[in-house]
Every structure is written in C-alpha cells, then in structure tokens.
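Novice: okay, sequence plus prediction incoming.
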Amino acid sequence: MGKRLYVGNLPYSTSSADLESLFAQFGNVTSAQVIQDRDTGRSKGFGFVEMSSDSEAQAAINGLNDKENNGRPLTVNEAKPRENNPRGGGGGGYGGGGGRRY
C-alpha cells in the first residue's frame, strides 16, 4: 500500500501535472492532485501525492520538505486521514434541548 503525502505552500500556479513531475524523481507517483477552490477554480496552495511505496514516500519527504519551489519552501509530510467533519468543531452551536428558563 502506498503512502499519501500532504504538500503545502505550493505556488498558486502549480498544476497537478507539475506536482506529479516534482515527485517522480523519488519514485512511482500513483496520483497527484492540487486542491482547488470549488467556487473560483483557483488553487488553494496545497495538494496530495500518493507514492507507490512507503520508502518512496519517505524519500520524497526527505528530499522535498523545506526545499524551495518557485521561491516558496514546501511543506511535505504524511497526510493524516480526514476526519468525518472537515470543518472541525462540534455540532450545533447554541446548545440544544431544554426550553428557556426565566
């Protein structure tokens, strides 16, 4: 099973193809995706890359984390599994249940 990597601080001009070629020097890239804003289609400045092996993923982290890419130091680390609620926080907001007491 391959390792999924988070890649942050990407220049907004970076495409998914650019991301793939950047990581290809460290091994077989099974997928590369720059995350884009749903409304504007503009890059959000981060993405995910999946390498075919743990050792390739580790080599990419070692080789690219804090390295400059188009004037920006990249952040590369193992992607954390997404939580069920990507926006964080708890439910509801104003408490719930119970009527008002005067």
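Specialist: Sure thing, it's come through.
Novice: and the top helix by length along the chain, which residues are buried?
Specialist: Assignment by DSSP state H gives helix 54-64 as the longest helix of the chain. Within helix 54-64, the residues scored as buried using 16 or more other Cβ atoms under 10 Å are 56, 57, 58, 59, 60, 61, 64. Quick note: C-beta positions are derived from backbone N, CA and C, even for glycine.
Novice: that one: how far from the chain's middle?
Specialist: 15 Å (Cα atoms, centre = their mean, to the nearest Å).
Novice: residues making contact with it?
Specialist: 2-5, 7, 22-23, 25-28, 49, 51, 74, 76-78 (Cβ atoms under 8 Å, 6 or more residues apart in numbering).
Novice: so which residues of this protein form strands?
Specialist: 3-8, 29-36, 43-51, 68-69, 72-73, 75-78 (DSSP state E).
Novice: and residue 15, which of these is closest to it?
Specialist: Residue 15 lies closest to strand 29-36 among these, at 6.2 Å (Cβ to Cβ).
Novice: neighbouring strands - and their directions - for that closest one?
Specialist: strand 43-51 (antiparallel) (DSSP bridges).
Novice: and the contacts of stretch 65-82?
Specialist: Against stretch 65-82 from outside (Cβ under 8 Å, 6+ apart): 3-11, 13-14, 22, 48, 57, 60-61, 64.
Novice: buried stuff in it?
Specialist: 69, 74, 76.
Novice: what score does the second one have for pLDDT?
Specialist: Read that as residue 74. As predicted, residue 74 sits at a pLDDT of 97.
Novice: centre of the chain to the least confident helix or strand in the chain by mean pLDDT, how far?
Specialist: Sorting the helices and strands of the chain by mean pLDDT, DSSP states H and E puts strand 68-69 at the bottom, at a mean of 92. Centroid displacement of strand 68-69 relative to its chain, using Cα atoms, centre = their mean, is 17 Å.
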